[in-house]
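Chemist: this one's sequence-less:
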């Protein structure tokens, strides 16, 4: 169930790290930094906060294989800023050398009403089980191109001897920060 009163998580900075090289063993990592809009004092309540999680689903559409996905959870919603880190090799068996067309994330708040009902020995209607806030879908790479509407720091390494094979969104020599400034980045 979607609850419009819950905060919305808006990504503002993406950091891409790792290597395109077959000879370099830097793991492919995505870091997603986001603002939590409409964070209320209710969510700061010590009793309730243990049931509230920030969720980030990352999906990679691979040009040759099936879509890969992973879910990251962050329980620390005490500030208006949150960070999700994903080692793509560990979570999805993916590296930057695999051709891909799209990488996107979906961020939202989830309330663990199942655990809450167990802890307080109350029954919660199925309509309210694992309530989910409004989902924010953000493309990091779309159609093989880095989304220029976001601030994306692309620090992936390409070995000089490599001649490609990096798939969509591979960095060029001069591309290290594709900055658009997508929204409310903190100062």
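Modeler: Arrived safely. Fair warning: this is a prediction, and the values are worked out from it, not measured in the lab. Residues are numbered from 1 along each chain as shown.

Chemist: counting contacts, what elements does the helix ranked longest in the chain pack onto?
Modeler: Taking DSSP state H as the criterion, the chain has its longest helix at helix 113-120. Using 3 or more CB pairs under 8 Å, 6 or more residues apart in numbering; DSSP states H and E as the contact definition, helix 113-120 packs against no other helix or strand. In this view, the C-beta of every residue, glycine as well, is placed from N, C-alpha and C.

Chemist: what about the following helix or strand past it, distance to the chain center?
Modeler: Remark: after helix 113-120, the chain's next helix or strand is strand 131-132, criterion DSSP states H and E. On the basis of CA atoms, centre = their mean, to the nearest Å, the separation between the geometric centre of strand 131-132 and that of its chain is 18 Å.

Chemist: mind listing what the next helix or strand after strand 131-132 pairs with, with the direction of each?
Modeler: The C-terminal neighbour of strand 131-132 among helices and strands, as given by DSSP H and E, is strand 136-142. Sheet neighbours of strand 136-142, with direction, are listed as strand 100-111 (antiparallel), strand 145-146 (antiparallel) (DSSP bridges).

Chemist: Mean neighbour count, the ones you listed: which tops it?
Modeler: Taking mean count of other CB atoms under 10 Å as the contact definition, the stretch among those with the greatest mean neighbour count is strand 100-111, which reaches a mean of 21.

Chemist: just checking, residue 28 touches residue 21?
Modeler: No. Under the criterion of CB atoms under 8 Å, residue 28 lies out of contact with residue 21, with a separation of 11.6 Å.

Chemist: Would you format the strands paired with strand 136-142 as TSV with distance to residue 155 and mean pLDDT included?
Modeler: Rendered in TSV, the data for the strands paired with strand 136-142 read as follows (distance: least, CB to CB, whole Å; pLDDT from 0 to 100):
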stretch	distance to residue 155	mean pLDDT
strand 100-111	15	91
strand 145-146	12	90
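
Chemist: With respect to residue 131, which of those lies nearest?
Modeler: Residue 131 lies closest to strand 100-111 among the strands paired with strand 136-142, at 4.3 Å (CB to CB).
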